[in-house]
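S.K.: turn this into a structure:
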Amino acid sequence: MATGEHKAMFRVVDPALLEKIALASNALKTDASLSLLRRHKVDHALKDAASRHSVAMEMPNGQKISASRAGKLAMKSLRSAQEYFAKFYHGNLTEDLIVDLGSLIMPRLARGYRRGLGFAAAGGVYPRDPVDEMAPFLEENNGLSHEVEKACHAHFHLARIHPFADGNGRLARLVQNGILMNEGLPPIVINNKDRSEYLDLLSSGQNAYKLREAQLVDDPKYTGSPITTSKQSTFYSFLGERLLFSLEAFSKCRK
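M.R.: Below you'll find the predicted structure:
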């Protein structure tokens with residue numbers, strides 16, 4: 001993780017992809033043919049889809065949310081956490097905000113970070129103690145100036161750190177989309193049908209990060225600068241492309 005002067009000296013998302021997102025976002029903002037009502041309907045549909053798919057990919061054996069009491073409770077808890085984030089996020093993530101969100105997403109668990117290794121994150125990567133990981137992550141994330149990069153970076157690292165005993169995937173996706181919506185961008189929808197691809201990319205990114213981090217620990221020339229591997233970049237591009245899909249959903253409803 002980055003510290004001090006290193007915190008803003010790196011890129012997360014491919015600049016060419018960021019430019020495409022910026023062009024699509026600006027086109028949407030200046031599109032006079034799209035009524036406020038249509039914008040609201042599409043925005044609401046995207047938010048609902050992002051939430052439903054986020055919960056669905058955590059359901060056991062492909063169980064439907066509507067057919068499960070646990071699924072319905074998970075949706076209710078997720079929406080409470082989304083409302084909380086929208087109210088209390090003001091441009092920078094804090095440990096208090098993350099802990100509060102974790103408690104709202106999984107209200108039956110004891111409040112606070114998990115203790116010990118906990119469950120394996122994507123790809124079987126066992127995360128370290130979140131107490132040691134969260135402060136450097138937050139410093140690095142809050143040092144990013146581009147909201148799309150902050151969102152993608154938060155998603156990857158919250159999933160990697162796995163700060164709580166459960167609910168970490170939903171937390172990572174919620175924070176990602178909350179950051180985007182705070183900037184007036186639509187949420188990223190990760191369809192449950194793409195679950196395997198999503199988890200494979202996340203797993204590859206986490207394993208590559210862990211390997212690179214282990215290599216740098218013993219390097220006397222390492223100054224604490226941020227780590228972004230090619231596997232992480234592939235995951236970030238996956239997210240960025242889906243943000244483009246969300247932006248394109250507005251243009252498809254003009255008529």
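S.K.: count of residues packed around G71?
M.R.: When counting by other Cβ atoms under 10 Å, one arrives at 19 neighbours for G71. Where you see a C-beta, it was placed from the backbone N, CA and C, and this is true even at glycine.
S.K.: before we move on, what about R39?
M.R.: Applying other Cβ under 10 Å, we find 15 residues neighbouring R39.
S.K.: apart from its chain neighbours, what residue comes closest to it?
M.R.: Leaving aside its sequence neighbours, R39 sits nearest to F250 (Cβ to Cβ, 6 or more residues apart in numbering; 6.7 Å).
S.K.: mind exporting the helix or strand where that neighbour lies as PDB, just the C-alpha atoms?
M.R.: Per DSSP states H and E, F250 falls inside helix 230-251. Below are the C-alpha coordinates for helix 230-251, written out as PDB (Å, rounded to 0.1, in the frame of the first residue of the first chain):
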ATOM      1  CA  SER A 230      -1.500  -6.400 -15.000                       C
ATOM      2  CA  LYS A 231      -4.100  -8.900 -13.400                       C
ATOM      3  CA  GLN A 232      -5.500  -6.100 -11.300                       C
ATOM      4  CA  SER A 233      -5.700  -3.900 -14.400                       C
ATOM      5  CA  THR A 234      -7.700  -6.600 -16.200                       C
ATOM      6  CA  PHE A 235     -10.200  -6.600 -13.300                       C
ATOM      7  CA  TYR A 236     -10.400  -2.800 -13.300                       C
ATOM      8  CA  SER A 237     -11.100  -2.900 -17.100                       C
ATOM      9  CA  PHE A 238     -13.900  -5.500 -16.500                       C
ATOM     10  CA  LEU A 239     -15.500  -3.000 -14.100                       C
ATOM     11  CA  GLY A 240     -14.900   0.000 -16.400                       C
ATOM     12  CA  GLU A 241     -16.500  -1.700 -19.300                       C
ATOM     13  CA  ARG A 242     -19.600  -2.500 -17.300                       C
ATOM     14  CA  LEU A 243     -19.800   1.100 -16.300                       C
ATOM     15  CA  LEU A 244     -19.900   1.900 -20.000                       C
ATOM     16  CA  PHE A 245     -22.700  -0.600 -20.400                       C
ATOM     17  CA  SER A 246     -24.700   1.300 -17.600                       C
ATOM     18  CA  LEU A 247     -24.100   4.600 -19.400                       C
ATOM     19  CA  GLU A 248     -25.200   3.100 -22.700                       C
ATOM     20  CA  ALA A 249     -28.400   2.000 -21.100                       C
ATOM     21  CA  PHE A 250     -29.600   5.600 -21.100                       C
ATOM     22  CA  SER A 251     -28.900   6.100 -24.800                       C
END
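S.K.: got the angle between the helix or strand L171 falls within and helix 230-251?
M.R.: Remark: L171 resides in helix 168-182, with elements defined by DSSP H and E. Put simply, helix 168-182 runs at 50 degrees to helix 230-251, going by axes from the mean of the first three to the mean of the last three Cα atoms, to 10 degrees.
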